[in-house]
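Undergrad: need the 3D shape of this:
(2 chains)
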Protein chains: 2
Amino acid sequence: MKILVVGANGQIGKHLVKTIQESGKSIARAMIRKQEQASYFESLGAETSVVNIEGEIADIAKAAEEVDAIVFTAGSGPHTGPDKTIAVDLDGAVKTIEAAKVAGVKRFIMVSSFDTTRNAIQEAPDSFKPYVIAKHYADEWLRETDLDYTIVHPGALTNDQGTGQVYAATEVARGSVSREDVASVIYECIENHSTIGKAFQVVSGETPIKEAIKKL
Amino acid sequence: MKILVVGANGQIGKHLVKTIQESGKSIARAMIRKQEQASYFESLGAETSVVNIEGEIADIAKAAEEVDAIVFTAGSGPHTGPDKTIAVDLDGAVKTIEAAKVAGVKRFIMVSSFDTTRNAIQEAPDSFKPYVIAKHYADEWLRETDLDYTIVHPGALTNDQGTGQVYAATEVARGSVSREDVASVIYECIENHSTIGKAFQVVSGETPIKEAIKKL
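TA: So this is what the prediction gives:
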């Protein structure tokens, strides 16, 4: 399988590309914004494609040519303003979904936020609200498509080393989860077609990731 | 007819409530954010309902009880940041659409931006982009509903006195239009069921508004 990782240069993205390359079964194509980000991915034997998520759907669709699955894990991050939140976390996600359709890629894994429901929007503190709204509409857009989607709702992200163990279910108690474990969760979603059409929350826990994803 | 005007305290909203009240045929219910905004509308004989568009769908639905049509003309305006753009122009609009469903109100007039297409997003200058994205998704959300919608795409808004004459069509050459004329256009949309399911651009022109809207 070939997997396009959109937002590959983010921390989850980097873990994910490594996991895919180390699987020996699949190849990652890292979609990155700048050519100078390529060396990490090239050293792993991954393909790279330089495309700005704020650009045209056609460019993202070109990056998605001949891949079997797309993972959206791009994010504007906490250091930019809500102008980038709406342009990347919402519009960038939707453009990637539309690019999947254009390129004929059915399988789509969305890395969302822990809770993107209407209630979560209403209860979010002002500073976090634009992000929750953006992720809410991106998830809604994906649900309305015919794509074989999975929506992953990770808890508070940490840079801890992965434990390989999580809790994953439609709803789990709020908690944290390492970016490395989230990358492993995404990889298992790609491997398990039983996750198609599902959305689930995931935090660190005590079930081996492979088993947790199979049981969803 | 009773018409809920969401964003009544905006300039288009004020003109619209006045137009509705002066028609002698319909009554406006002005949805406003603060009680102290009520006197203008009360002096026109309109009803008022104090609801914050950033609040719950249920509150907006309550304001929409027993009305025959809803006009969304709220906007965060140019003096707030993109955090408010996403919360008001996108999420506030969608919540109003959802509130219409809850309240069983079928007729919905959306006051949009001149061009909310994908191309308009891609070509917008950075400072304007969050607004175009927000309006794009609000319009898309409305199109996907079963509501009897009309989407009005006005040109650059001015505070000039209305001329009563416009150009209106699916696509017109870019131009300006007074807020007073936009209010008259909205009123004619409410009066003309032939505008249901249509989206059109409008700029100042040479066709009497009543005729321009009938011909759409």
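Undergrad: tell me which parts of chain A are close to chain B?
TA: Residues of chain A lying near chain B by Cβ under 8 Å from any Cβ of the partner chain: A:55-57, A:81-83, A:85-87, A:90-91, A:94, A:118, A:121-122, A:126, A:129-130, A:133-134, A:137, A:144. From N, CA and C alone the C-beta is placed, and that goes for glycine too.
Undergrad: repeat that for 6 Å
TA: Chain A comes close to chain B at residues A:82-83, A:86, A:91, A:130, A:133, A:137, as judged by Cβ under 6 Å from any Cβ of the partner chain.
Undergrad: among those, which are located in helices?
TA: Secondary structure from DSSP state H places A:82-83, A:91, A:130, A:133, A:137 of the residues of chain A next to chain B in helices.
Undergrad: redo these as JSON lines? Include distance to A:Ala168 and neighbour count.
TA: Compiled in JSON lines, those are given as follows (distance: Cβ to Cβ, whole Å; neighbours: other Cβ atoms under 10 Å in any protein chain shown):
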{"residue": "A:Pro82", "distance to A:Ala168": "30", "neighbour count": "23"}
{"residue": "A:Asp83", "distance to A:Ala168": "33", "neighbour count": "21"}
{"residue": "A:Asp91", "distance to A:Ala168": "28", "neighbour count": "26"}
{"residue": "A:Pro130", "distance to A:Ala168": "27", "neighbour count": "30"}
{"residue": "A:Ile133", "distance to A:Ala168": "25", "neighbour count": "27"}
{"residue": "A:Tyr137", "distance to A:Ala168": "24", "neighbour count": "28"}
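Undergrad: quick check: the two most widely separated of the residues you listed?
TA: The distance between the two most remote of those (Cβ to Cβ) is 15.7 Å, for A:Asp83 and A:Tyr137.
Undergrad: that older thread, now flag whichever of the residues of chain A next to chain B is closest to A:Ser43.
TA: Nearest member of the residues of chain A next to chain B to A:Ser43, counting by Cβ to Cβ, is A:Asp91, at 31.6 Å.
Undergrad: I'd say the closest one and B:His136 touch.
TA: No - look at A:Asp91 against B:His136 with Cβ atoms under 6 Å: they stay out of range, at 8.1 Å.
Undergrad: what mean pLDDT does stretch A:114-124 have?
TA: Mean pLDDT, computed over stretch A:114-124, is 97.
Undergrad: no no, stretch A:74-87
TA: In this model, stretch A:74-87 has an average pLDDT of 91.
Undergrad: in that stretch, what's buried?
TA: Buried residues in stretch A:74-87, counted by 16 or more other Cβ atoms under 10 Å in any protein chain shown: A:74-76, A:82-87.
Undergrad: for the worst-scoring helix or strand of chain A on mean pLDDT, packing partners?
TA: Least confident helix or strand, chain A: helix A:82-84 with a mean of 94, by mean pLDDT, DSSP states H and E. Under the contact criterion of 3 or more Cβ pairs under 6 Å, 6 or more residues apart in numbering or on different chains; DSSP states H and E, helix A:82-84 touches helix B:82-84.
Undergrad: give me the residues contacting the helix it packs on.
TA: Helix B:82-84 is touched from outside by A:82-83, A:130, B:76, B:130, with contacts defined as Cβ atoms under 6 Å, 6 or more residues apart in numbering or on different chains.
Undergrad: how far does that helix sit from its chain's centre?
TA: 19 Å (Cα atoms, centre = their mean, to the nearest Å).
Undergrad: what of stretch A:159-168?
TA: Relative to its chain's centre, stretch A:159-168 lies at 16 Å (Cα atoms, centre = their mean).
Undergrad: and what of stretch A:136-155?
TA: Computed by Cα atoms, centre = their mean, the chain-centroid distance of stretch A:136-155 equals 10 Å.
Undergrad: which parts of it are buried?
TA: A:136-139, A:141-142, A:147-155.
Undergrad: excluding sequence neighbours, find me the nearest residue to A:Ala74.
TA: Spatial nearest neighbour of A:Ala74, chain neighbours left out: A:Gly7 (2.9 Å); criterion: Cβ to Cβ, 6 or more residues apart in numbering or on different chains.
Undergrad: go on, A:Leu44?
TA: The shortest distance from A:Leu44 to any non-neighbouring residue, by Cβ to Cβ, 6+ apart, is to A:Gln21 (4.4 Å).
Undergrad: show me what contacts A:Ile109?
TA: Shown in contact with A:Ile109 (Cβ under 6 Å, 6+ apart): A:71, A:150, A:186, A:189.
Undergrad: show me the residues you listed that map onto helices.
TA: Using DSSP H, these in helices are A:186, A:189.
Undergrad: taking the contacts of A:Ile109, tell me the two that lie furthest apart.
TA: Comparing the members of the contacts of A:Ile109, the greatest separation, given Cβ to Cβ, is between A:Val71 and A:Thr150, at 9.5 Å.
Undergrad: who touches the helix or strand hosting A:Glu98?
TA: Counting by DSSP states H and E, the element that carries A:Glu98 is helix A:91-103. Residues from elsewhere that reach helix A:91-103, judged by Cβ under 6 Å, 6+ apart: A:6, A:53, A:57, A:60-61, A:64-65, A:70, A:72, A:74, A:108, A:138, A:141-142, B:133.
Undergrad: gap between it and the chain center?
TA: 13 Å.
Undergrad: A:His189 and A:Ile151 touch, don't they?
TA: That one is not His; residue A:189 is Cys. No - between A:Cys189 and A:Ile151 there is no contact under Cβ under 6 Å: 9.6 Å.
Undergrad: what residues are bridge-paired with A:Ile109?
TA: Beta-bridge pairing for A:Ile109 (DSSP bridges): A:Val71, A:Thr150.
Undergrad: now do the helices in chain A.
TA: Along chain A, counting by DSSP H, helices occupy A:11-23, A:38-43, A:57-63, A:82-84, A:91-103, A:118-123, A:129-143, A:179-191, A:209-214.
Undergrad: give me the mean pLDDT for the longest one.
TA: To tie it back to what came earlier, the one meant is helix A:129-143. Mean pLDDT, helix A:129-143: 97.
Undergrad: what of the fifth one?
TA: For helix A:91-103, mean pLDDT rounds to 98.
Undergrad: next one: the second one
TA: Across helix A:38-43, pLDDT averages out at 98.
Undergrad: in the sheet, who's paired with the nearest residue to A:Lys34 once chain neighbours are set aside?
TA: In space, A:Lys34 comes closest to A:Val50 once its chain neighbours are excluded; the distance is 6.8 Å by Cβ to Cβ, 6+ apart. Taking DSSP bridges as the rule, A:Val50 bridges to A:Ile32.
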